[in-house]
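Student: Take this sequence and fold it.
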Amino acid sequence: MNPFNIIKKSYLWVVLALAIAVASLMLFLLNAKFSEEFTGGVNISLRSASTFTTSEERMIETNLKNYLDDQGYNNASVHLNPHETQLQIKINASLANDEKVAELSTDVQNFLTSQKLISSSEDIIGQAIIGPSVGSYMKTSAFQALIIGILLMVIYMLFAFGKIRKDIPASILGITVLGVLVFNVLFTLGAYGMRMMFDSTIQVDTVFIIAVLTVVAYGVNDVIVIFDRIRENILKHTKEKVLLGKIIEASLWQTMRRSIGTSFSTLLVLITMFIFGTGVLRQFALAVGCGIIAATLSSIFLGGSLAYLLMGKFKSEVNKL
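Tutor: Okay, here's the model as predicted:
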């Protein structure tokens, strides 16, 4: 006996998913900050034995921003990321050419020297200078990666849904998968947007794009498993009248343990990566972890509900499909 009926509340799950998706998109758009990989700028790591309080970090950011404004970099944004033995300073700026980025690097070093944050250039242990041409290339590459990744996923779905399409219309499969994937991606964007709201050092970069593609792939597999079970149960009842809602409900509960178990084991690894990892590894683990949670919930509550609403009402019979 199932604890509760998922399909009877199909409209609730769809409306709730829509509300979460819209809220997630707003969170991301309001807080999105793109890394210097996409905007161009300078990333400097300093040797630092000092530890800074939050107020001191904010003061350094403000002073550096004001200094850059005085130097003519009016659109620059400054982010500090302190570590135990070093201080990372990220300056994002849309500049006219690569020469301007080199000038920005020199101006930043002058500021660091004047503020006694460094005594000489030897205190700079790492520096990345990214000009507008590289930033433009990175943006184009990221966009192409997303498009190619989605196209490859569509090709994969054509083969993966080959048997299922014989019993479930392709249009229903397409709309359901699209709805689930959009929810998974927007939920991930929203979680990342909330993270960016509280931590100015978190930015959208190529690692985040890779994480989003990983979430898309994971979500598709979850939906395939559920639809395949729905197809199997439909075939079992071709000679008897069984409510479509009951078939989908049974299929969801039959695959739920598998979906939750797979997601939980994957989350354990990602949680370990987030706790013990640093830098981009933590951000990747965070984004993929949120995406896996979204994929698990959407495959159970949203995917089945959308399929049910699209395939017919609760009183529909299998032999009418």
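
Student: Grab the nearest non-local neighbour of Ile260.
Tutor: Spatial nearest neighbour of Ile260, chain neighbours left out: Thr296 (6.4 Å); criterion: C-beta to C-beta, 6 or more residues apart in numbering. Where C-beta positions appear, they are placed from N, C-alpha and C, glycine not excepted.

Student: where does the one you found fall, helix, sheet strand or coil?
Tutor: helix (DSSP: H, G, I helix; E, B strand; the rest coil).

Student: Likewise for Ile168?
Tutor: Per three-state DSSP, Ile168 ends up coil.

Student: do Gly126 as well
Tutor: Per three-state DSSP, Gly126 ends up strand.

Student: And the pLDDT for the nearest residue to it once chain neighbours are set aside?
Tutor: Closest residue to Gly126 apart from its sequence neighbours, by C-beta to C-beta, 6+ apart: Ser45 at 3.8 Å. Looking at Ser45, its pLDDT stands at 81.

Student: And Glu122, by the same measure?
Tutor: Predicted confidence (pLDDT) for Glu122: 73.

Student: what's the answer for Leu27, then?
Tutor: 94.

Student: The helix or strand harbouring the residue nearest to Gly126: what's the following helix or strand?
Tutor: Ser45 is part of strand 41-47 when elements are defined by DSSP states H and E. Downstream of strand 41-47, the first helix or strand assigned by DSSP H and E is helix 54-70.

Student: what helices or strands is that next one leaning on?
Tutor: strand 77-82, strand 86-92, helix 98-114 (3 or more C-beta pairs under 8 Å, 6 or more residues apart in numbering; DSSP states H and E).

Student: Quick check: which of those is buried the most?
Tutor: strand 86-92 (a mean of 21; mean count of other C-beta atoms under 10 Å).

Student: Which strands border it, and is each parallel or antiparallel?
Tutor: strand 41-47 (antiparallel), strand 77-82 (antiparallel) (DSSP bridges).

Student: Would you state the strands of the stretch 101-250 of the chain in chain order?
Tutor: When assigned using DSSP state E, counting those that start in this stretch, the strands of the stretch 101-250 of the chain occupy the ranges 124-130.

Student: low-confidence ranges in it?
Tutor: Within the stretch 101-250 of the chain, the ranges that satisfy pLDDT under 70 run 131-136, 157-158, 160-167, 237-242.

Student: That one: helices as residue ranges?
Tutor: Here the stretch 101-250 of the chain has its helices, by DSSP state H, counting those that start in this stretch, at 132-160, 170-198, 206-236, 244-276.
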